[in-house]
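**Student:** For reference, the sequence and a predicted model appear below.
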Amino acid sequence: MERLQTQERKNLAYDCRFDQQEFAKISELEGQIPPAEYAQKLLNWQRETSINLETNLGERFNAQLFEVFYPLKNSRMMHPRQNVPFLDSMVEGQQHRLGQDTSLNYNQKRELAEVISFSAVESYFAKTPRSNETFINPSPPGGDYGGNFIDVFDSEQKEGQAYVRLRRFAVSTTLKDHWKIAQLLTENQLALNNPQDKIDIMIKSVVIKTSKNTDEILDFYLPDQTALNLEDYQQLKNKYRPFAGEYINAVMSGKSTRELEQIHNAGLKYADIQMGKDIDSTGIVTATPANNPKEIPFMIYVLGNQNLRPVATGCGIQGNLNGGYTDLTYSSLFNINSFDYLTSSKDKSDFHCPGKKKDGTPCTYTIRYGSGIRKCPKCGEQAKCPV
């Protein structure tokens, strides 16, 4: 069995274990629900994972903008691709991260601030779905969150369905100026007695209602001149997509967490080289046509274990797989992680299911330690293991 890294994991950007857990949940439904419904759930998961991977990529290169539409249903802002309230997913992730410890660290306070601000947006648009007002949620850097951006929410109507639209803009506004802008747009309604070392948390919890249009809003904030523009971001996503596809297939085939981390690491390493942020010391990327899917496994083999430059993003730190930085995931488009840190020396290895398939051959499904799975979704064997 393969031992996972047990050094302390900081609040980082992408955790492959979350994808394993979500796929396991869906796999358990196979044969339990109509085939068409199961196929749709599986397709939704594949799309969701692909979007999460590309969003994580965009955070790495400070992509200038992304846009998400949340359908309004029964006074809730629903997940864009699942029939669940998006806020519930955020809260569940934040609670999983907290666990039994009620004392919040700095990063968890940032996450809680994000839940608070999103809740305020949902509450407003649930009551006034056709409002012409706009909300701004500033996100200055702080703690392990290195991104600097603003989220802009407004309402949208499409074919009789009400949506809340989220657009994220990268900015280079200082923390001091974030505070000044928030005070200006709220007519000095923010409390003045906030500790200066926690002002980014306070600002993150604020939603600013305004009647200003997008151009007027962006005039207040300094645009990030280093941000990747939409056209270049789309081109980078197209080059990165084969790695995302390989990663999703690896999750579905039961690869170990370590193997998934290597694929994820290779994709980001490849992107760094493509963008001139890293060197191609082996010559593999330069000499290999990435648009040929047959070459991707070889590139993963070469790049997957190479050092990855640490980058502080809006969703945490993307770091070095071999140097103690292992990426943690966000359970949605926000970085609300659902897993406890691996800090003890106890064996926390992934393991193969001990059961057998119907034809008598050994089951090869890999079960992640700590996933809570006691019944293999592939063969139905009861897992005799610590969970």
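**Tutor:** The structure has been received and is ready for your questions.

**Student:** Name the next helix or strand following the helix of greatest length in the chain along the chain.
**Tutor:** Looking across the chain with DSSP state H, the single longest helix is helix 35-60. Next helix or strand after helix 35-60 toward the C-terminus (DSSP states H and E): strand 65-73.

**Student:** Would you map the helices across the protein?
**Tutor:** Counting by DSSP H, the helices of the chain are 16-27, 35-60, 86-98, 106-127, 175-185, 199-204, 214-220, 230-252, 257-274, 284-287, 296-303.

**Student:** low pLDDT regions in the stretch 251-387 of the chain?
**Tutor:** Along the stretch 251-387 of the chain, segments meeting pLDDT under 70 span 287-293, 312-360, 362-387.

**Student:** redo that, cut-off 90
**Tutor:** 279-296, 298-299, 302, 305-387 (pLDDT under 90).

**Student:** For stretch 127-143, measure first residue to last.
**Tutor:** End-to-end distance for stretch 127-143: 34 Å, by C-alpha to C-alpha, to the nearest Å.

**Student:** For the remainder of this discussion, apply numbering that starts at 50.
**Tutor:** Okay, residue one is now 50; in that scheme the one you just asked about reads as stretch 176-192.

**Student:** What residues of that stretch count as buried?
**Tutor:** Buried residues in stretch 176-192, counted by 16 or more other C-beta atoms under 10 Å: Pro178, Thr183, Phe184, Ile185, Asn186, Pro187, Ser188, Pro189, Pro190, Gly191, Gly192. (C-beta placed from N, C-alpha, C; glycine too.)

**Student:** quick check: mean pLDDT across that stretch?
**Tutor:** Mean pLDDT, stretch 176-192: 93.

**Student:** Please apply the same query to stretch 277-285.
**Tutor:** Rounded mean pLDDT across stretch 277-285 is 88.

**Student:** hmm, who's touching it?
**Tutor:** Leu106, Gly107, Phe110, Asn111, Ala112, Gln113, Leu114, Ala320, Gln323, Met324 (C-beta atoms under 8 Å, 6 or more residues apart in numbering).

**Student:** returning to that earlier point: the longest helix of the chain - what's its average pLDDT?
**Tutor:** 90.

**Student:** tell me the angle it makes with strand 114-122.
**Tutor:** Going by axes from the mean of the first three to the mean of the last three C-alpha atoms, to 10 degrees, helix 84-109 is angled at 140 degrees with respect to strand 114-122.

**Student:** Tell me which residues of helix 84-109 come out buried.
**Tutor:** Those would be 87, 90-91, 93-95, 97-109, for helix 84-109 by 16+ other C-beta under 10 Å.

**Student:** which helices and strands sit right next to it?
**Tutor:** Contact here means 3 or more C-beta pairs under 8 Å, 6 or more residues apart in numbering; DSSP states H and E; on that basis helix 84-109 packs against helix 65-76, helix 279-301, helix 306-323, strand 360-362, strand 365-367.

**Student:** What about Asn156, how many residues nearby?
**Tutor:** 20 (other C-beta atoms under 10 Å).

**Student:** Farthest pair within the contacts of stretch 277-285?
**Tutor:** Leu114 and Gln323 (20.1 Å; C-beta to C-beta).

**Student:** Separate out the buried members of the contacts of stretch 277-285.
**Tutor:** Using 16+ other C-beta under 10 Å, the buried members of the contacts of stretch 277-285 are Leu106, Gly107, Phe110, Asn111, Ala112, Gln113, Leu114, Ala320, Gln323.

**Student:** so the fourth one sits right up against Ala219, yeah?
**Tutor:** Going back to what we said before, that points to Asn111. Yes. With contact defined as C-beta atoms under 8 Å, Asn111 counts as touching Ala219 (5.2 Å).

**Student:** got a list of what Phe174 touches?
**Tutor:** Leu121, Met126, Ser180, Phe202, Ser204, Ala211, Val213.

**Student:** can you put the buried ones among the contacts of stretch 277-285 in TSV and add distance to Val360?
**Tutor:** As requested, the buried ones among the contacts of stretch 277-285 are exported to TSV (distance: C-beta to C-beta, whole Å):
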residue	distance to Val360
Leu106	11
Gly107	12
Phe110	8
Asn111	9
Ala112	13
Gln113	16
Leu114	19
Ala320	11
Gln323	15
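
**Student:** Quick check: buried residues in stretch 197-205?
**Tutor:** Those would be Asn197, Phe198, Ile199, Asp200, Val201, Phe202, Asp203, Ser204, for stretch 197-205 by 16+ other C-beta under 10 Å.

**Student:** same check, this time on stretch 218-236
**Tutor:** So stretch 218-236, judged by 16+ other C-beta under 10 Å, has buried residues Phe218, Ala219, Val220, Thr222, Leu224, His227, Trp228, Ile230, Ala231, Leu234.

**Student:** And the average pLDDT for that stretch is what?
**Tutor:** 91.

**Student:** Give me the distance between the two termini of that stretch.
**Tutor:** 23 Å.

**Student:** How about the contacts made by the closest residue to Leu234 other than its chain neighbours?
**Tutor:** Among residues not flanking Leu234 along the chain, Ile257 sits closest, at 4.7 Å (C-beta to C-beta, 6 or more residues apart in numbering). Applying C-beta under 8 Å, 6+ apart, one finds that Ile257 lies in contact with Phe184, Ile185, Asn186, Pro187, Ala231, Leu234, Thr235.

**Student:** Can you give me the separation between the fourth one and Pro129?
**Tutor:** Taking C-beta to C-beta, to the nearest Å as the measure, Pro187 and Pro129 are separated by 23 Å.

**Student:** Domain-wise, how is this structure divided?
**Tutor:** Domain ranges of the chain: 65-103+279-398, 114-269, per automatic domain parsing.
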